[in-house]
Structures are given as structure tokens and as C-alpha cells.
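Asks: Sharing a model prediction with you, sequence too.
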Amino acid sequence: MPATWETTTLANGFRIVTTPMPATQAVSVNLFVGVGSRSEPQRLNGITHFLEHMVFKGTERRPDAFVIAQEIEGAGGTLNAYTNKEYTCYWNIVPFDRFETALDVEADMLLASKLDQTEIDRERTVVQQELKRNHDNPGAWAGRLIGTSVYGEQPPGWDVGGSVELVQEMHRPDFVEHIEAWYRPSNIVLSVAGNVTHDQVVGLAEPLFRDMPPGPLPSVTLYDPAITGPRVACDSREIDQCTLFLGLPIFGRDDPDRFALRIMNDVLGAGMSSRLFREVRERRGLAYSVNSGYGYLADTGVFTISAGVDREKLTETVKVCLDEAEKLVTDAVPEDELRKAKDHNIGRFRLSLETAFSLGQRHGELLITKGEIESVDEVVAQVEAVTADDVVRVARRLLDRSKLHAAVVGPNLDEAEIEAALG
């Protein structure tokens with residue numbers, strides 16, 4: 001039976017969602033804050049991610065990172081956080097009998113971080129090293145380049161971590177101002193999944209969060225489709241292989257065509273039975289890895305095809321990938337292939353929701369980004385309703401070569417050669 005959830009909103013707007021799982025030994029505590037890199041002014045690009053680091057650096061009650069970590073890890077648990085373009089998540093997983101401690105640690109970190117300037121200066125170099133590591137990773141950097149290429153120089157296209165130079169100029173007043181603007185109760189969701197009850201969670205959470213002062217949130221700049229980056233972005237390096245990304249802008253996360261896109265993507269490049277895998281790897285031997293995928297923001301998104309290929313096979317791989325995508329525009333997916341894609345998509349979706357952590361993450365993310373939670377049965381029904389005509393329609397809507405971008409990291413790259421392959 002699918003896990004069910006229950007929600008409560010405190011008087012100040014703070015939202016709590018719980019997913020009881022009485023058979024598990026674990027509890028997952030997830031605090032989502034509705035702020036990411038697209039909410040930042042350009043001079044402070046990366047401050048949301050930097051702040052995510054600083055929240056672990058100590059409070060009055062837990063004066064340093066070691067004490068915070070020891071409270072969770074000492075119970076056998078795990079704690080971490082991440083930032084993306086639209087929200088930040090602080091999470092931990094502990095044995096269910098340590099839930100009260102886990103929640104108290106999360107609340108203390110979120111509400112009472114010292115943000116000591118000495119710690120900021122120390123952590124600054126850590127954040128900068130993280131940015132340099134991402135740059136040194138060809139796959140991560142090519143993914144960064146395709147986002148900048150598709151979105152251009154506007155907030156959705158900025159790097160989540162900012163830059164080494166911008167991080168260097170961030171100081172304590174910037175962090176305090178950022179928290180005061182965005183860490184409002186109406187912009188936070190506590191999602192708890194595991195061996196707990198809703199009343200237990202609310203009873204412990206309300207005294208911790210009810211005194212957070214409500215207030216209005218700043219506006220977020222809307223995506224402007226007229227702003228784009230370079231059609232081809234290359235970073236030549238003396239390495240053995242090219243990492244290739246092809247990218248297109250798509251609709252936002254609430255668009256009615258999102259379920260048709262799920263199936264289109266599954267047919268094209270999700271897994272070893274997909275068209276891209278069969279044609280690019282199995283039949284032609286052009287690449288070891290090849291796949292397609294997509295990511296949403298509220299008002300836009302990016303669809304990508306990615307592959308790791310030898311330099312001499314780069315142009316051919318681009319053309320083959322685009323030819324396979326083009327077939328979805330011109331020819332309906334056969335019924336048996338459509339059925340297999342639905343079964344694969346639904347099966348992976350169901351299997352992704354087997355743990356307290358996965359359910360805590362799913363329900364918190366949906367509540368912070370969409371304001372509501374779609375049940376598993378609702379999602380499955382929508383996927384089942386997708387027809388071959390729906391797939392053709394969404395392919396024609398999205399797979400527009402005039403909007404196509406490419407990003408490549410690899411040896412001896414030629415932008416003109418890649419642009420010619422895009423057609």
C-alpha cells in the first residue's frame with residue numbers, strides 16, 4: 001500500500017508534512033527552504049550555497065561543526081544538505097528513537113547559526129575548492145556549460161555555487177540579510193518520514209518553529225526566453241575523451257505535457273533499452289555512456305542528451321543523437337515500445353520511493369515547489385494516459401533545432417565543426 005502523508009500549517013505559515021512508515025527503523029528529517037541561486041542578486045550569486053555550508057558551522061548551543069555532526073553521527077545517523085536553483089534542503093537520517101534529537105539539531109542549525117566571520121573566512125576557501133573541483137570534472141563542467149548556454153546570462157543560467165571571485169567578496173552582513181529575506185516560515189517546509197506519527201512530529205516541531213516571524217518574500221525574476229547563451233560552448237582540455245551535452249529549453253514543472261515528456265524521454269534515452277543506447281552504443285559503438293534527461297524550474301527547464309565519446313567520433317555522435325530525436329517528431333512510437341516505456345517509467349518511479357529518505361525528500365520537494373503533493377496513484381494514472389500522439393506532440397513542441405545548444409569539454413575542440421553538426 002502506498003505511503004500516505006498528512007500536513008499541518010502553523011499560524012505563522014510554517015508547513016509540516018509527515019509520512020509515517022511504522023515498519024522502518026529509521027526517520028528522515030528534511031527542512032526545505034524555498035531559495036536557490038535564481039533568487040540571488042548577481043553580485044551575491046552563490047550565497048545560498050555558501051550559507052548552506054555555514055549553517056553547519058555552529059550555534060550557541062552547539063558551538064562548532066564537530067558538535068553538530070557528533071549528535072547525529074554519534075547515533076549512527078547521517079546529515080548533509082544541498083542547494084539548487086530554487087530551493088535548499090538540510091537533512092538527516094537517524095534511528096527512529098533519536099528523532100527528537102535530530103529535529104532539535106535541524107531547528108538549531110536553521111534558526112541559530114552564529115555565522116561567525118572567522119568561520120566564514122575559513123569556509124570560504126572550502127567553497128572555492130568545491131567550485132574548482134567541479135570545474136576540473138569534465139562531466140560536471142559540461143553540464144554547467146549547457147545550462148549557461150540554454151538559459152544565458154539571467155538567474156536560471158547562473159551557477160548554483162557562484163564563482164571563486166564572487167565567493168571571495170561575501171561577508172557576514174550579506175548572509176544575515178539573505179536569511180532575513182528568505183528564511184521566512186511561509187517559505188519553509190519540514191518533511192519527516194519514517195517510524196513517527198504526525199502528532200508526534202507536530203508536537204515537537206511547533207514549539208521550535210512557531211515563533212519565527214512571518215513576512216513577505218522578495219520577488220523572483222521570471223525566465224526570459226529571449227535571453228540565451230552561445231549556441232556552442234567548448235572547453236578544450238588535454239584529456240582522453242569528450243563529454244558532450246545537447247540542450248534545449250522546455251516548459252516549467254507544472255505544464256500539462258510533463259507526463260508526455262516523461263515517456264518521450266524514456267523512449268529516447270532512459271536506460272539500456274532506450275533508442276539512444278541501442279543506436280549510439282550497441283549498433284555503432286560510438287560511446288560508452290549516452291542518455292537523455294530533463295530538469296525543471298517553476299517557469300522553464302532544460303532537456304538534454306549527453307554522451308562521453310572519443311574526439312574523432314564527436315561529430316558523428318551529435319548527428320546520430322539528433323537523428324534519433326528527430327524520429328520522435330516524425331513517427332509515432334509503436335504501441336509495444338510505448339507500453340515498455342510506461343512500464344519502465346512507472347517501475348522506476350515506484351522503486352525510487354522505498355525508503356524514509358526518498359519519501360521525505362519527495363513530499364518536501366513537492367510541497368515547497370508546487371504547494372501540493374501528487375499521490376503515486378495520480379502520477380501513475382497520468383503516465384498511463386499518455387498516448388503515442390501525445391509523445392509526437394510534445395516532441396514537436398520541444399525538439400526545435402533552432403533552439404538547440406551544445407556544450408563540450410574535451411581535446412582539440414572546434415566550435416564551427418560542432419555547430420555544423422547541429423544543423
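Replies: Noted; the coordinates are in hand.
Asks: those strands in the chain, which residues are they?
Replies: 6-9, 15-20, 26-33, 78-83, 88-95, 188-194, 232-236, 242-250, 287-296, 301-309, 405-410 (DSSP state E).
Asks: Go ahead and confirm His344 touches Met272.
Replies: No. Under the criterion of Cβ atoms under 8 Å, His344 is not in contact with Met272, lying 10.3 Å apart. For glycine as for every other residue, the C-beta is placed from the backbone atoms N, C-alpha and C.
Asks: Now the residue nearest the centre of the chain. Its backbone dihedrals?
Replies: Ranked by distance to the mean C-alpha position of the chain (Cα atoms, centre = their mean), the top residue is Asn84 at 5.6 Å. The phi/psi pair for Asn84 (degrees, to the nearest 10) reads phi -130, psi -160.
Asks: Spatially, what comes nearest to it if we skip its sequence neighbours?
Replies: Closest residue in space to Asn84, ignoring its immediate chain neighbours: Gly36 at 5.2 Å, by Cβ to Cβ, 6 or more residues apart in numbering.
Asks: show me where pLDDT drops low in the stretch 151-300 of the chain?
Replies: Across the stretch 151-300 of the chain, nothing is flagged by pLDDT under 70.
Asks: out of everything not next to it in sequence, what's closest to Asn265?
Replies: Per Cβ to Cβ, 6+ apart, closest to Asn265 is Ser292, 5.4 Å.
Asks: And Val176, by the same measure?
Replies: Leu115 (6.6 Å).
Asks: Count the neighbours of that neighbour for me.
Replies: Using other Cβ atoms under 10 Å, Leu115 is surrounded by 20 other residues.
Asks: pLDDT at it, what is it?
Replies: Note on Leu115: pLDDT of 98.
Asks: Let me see the contact set for it.
Replies: Met54, Lys57, Arg172, Phe175, Val176 (Cβ atoms under 8 Å, 6 or more residues apart in numbering).
Asks: Do a quick rundown of the helices in the stretch 201-350 of the chain.
Replies: Assigned by DSSP state H, counting those that start in this stretch, the stretch 201-350 of the chain shows helices spanning 258-269, 275-276, 314-330, 335-351.
Asks: in the stretch 51-200 of the chain, which spans are helices?
Replies: For the stretch 51-200 of the chain, the helices defined by DSSP H, counting those that start in this stretch cover 65-73, 99-112, 117-136, 138-151, 164-168, 172-182, 198-209.
Asks: now for the ones you listed, which one comes closest to Asn12?
Replies: Distance to Asn12, taken as Cβ to Cβ, is lowest for helix 198-209 among the helices of the stretch 51-200 of the chain, at 7.7 Å.
Asks: Neighbour-wise, give me the winner out of the contacts of Leu115.
Replies: Neighbour-wise, the contacts of Leu115 (other Cβ under 10 Å) top out at Met54, 24 neighbours.
Asks: what residues are up against Ala102?
Replies: Contacts of Ala102 by Cβ under 8 Å, 6+ apart are Val27, Val29, Ile72, Ala75, Gly77, Asn92, Val94.
Asks: One more pass at 7 Å, please.
Replies: Val27, Val29, Ile72, Gly77, Asn92, Val94 (Cβ atoms under 7 Å, 6 or more residues apart in numbering).
Asks: And Gly308, by the same measure?
Replies: Applying Cβ under 7 Å, 6+ apart, the residues contacting Gly308 are Gln241, Thr243, Ala287, Tyr288, Ser289.
Asks: That one and Phe251, how far apart?
Replies: 28 Å (Cβ to Cβ, to the nearest Å).
Asks: Same check on Thr9?
Replies: 29 Å.
Asks: Among the two, which residue is more densely surrounded?
Replies: Counted by other Cβ under 10 Å, Thr9 and Phe251 do not tie: Phe251 has more neighbours, with 20 against 13.
Asks: ok, the more buried one touching Gly301?
Replies: Yes. Here Phe251 reaches Gly301: they are 6.4 Å apart, a contact under Cβ atoms under 7 Å.
Asks: per-domain residue ranges of the chain.
Replies: 6-209, 232-422 (automatic domain parsing).
Asks: okay but Pro214 is in contact with Leu10, surely?
Replies: No. If you go by Cβ under 7 Å, Pro214 and Leu10 don't touch, sitting 9.8 Å apart.
Asks: Between these two, which contacts overlap?
Replies: Pro185.
Asks: Looking at those two, which is more packed in?
Replies: Using other Cβ under 10 Å as the criterion, Pro214 and Leu10 rank with Leu10 on top: 19 against 13.
Asks: Name the nearest residue to the more buried one, ignoring sequence neighbours.
Replies: Arg210 (5.4 Å).
Asks: Next, count neighbours for the one you found.
Replies: Neighbourhood size, Arg210 [other Cβ under 10 Å]: 12.
Asks: Tell me who's in contact with it.
Replies: Contacts of Arg210 (Cβ under 7 Å, 6+ apart): Leu10, Ala11, Asn12.
Asks: Nearest to Asn265, out of those: which one, please.
Replies: Leu10 (38.2 Å).
Asks: Check the spacing between that closest one and Asn187 real quick.
Replies: 13 Å.
Asks: Now do the shared contacts for the two.
Replies: Joint contacts of Leu10 and Asn187 (Cβ under 7 Å, 6+ apart) do not exist.
Asks: Identify the residue nearest Thr9 in space, chain neighbours excluded?
Replies: Going by Cβ to Cβ, 6+ apart, Thr9 has Arg15 as its nearest residue, at 5.1 Å.
Asks: for the one you found, which residues make a bridge with it?
Replies: Thr9, Val189 (DSSP bridges).
Asks: Just confirm the residue nearest to Asn265 contacts Leu268, I think it does.
Replies: Yes. Taking Cβ under 7 Å as the definition, Ser292 is a contact partner of Leu268 at 4.8 Å.
Asks: Quick check: neighbours shared by the two?
Replies: Contacts common to Ser292 and Leu268, judged by Cβ under 7 Å, 6+ apart, are Leu276.
Asks: quick one, what contacts Phe175?
Replies: Ile47, Leu51, Met54, Leu115.
Asks: try it again with 8 Å
Replies: Counted by Cβ under 8 Å, 6+ apart, Phe175 has contacts Ile47, Phe50, Leu51, Met54, Leu115, Ile120.
Asks: Perfect, I'm done here.
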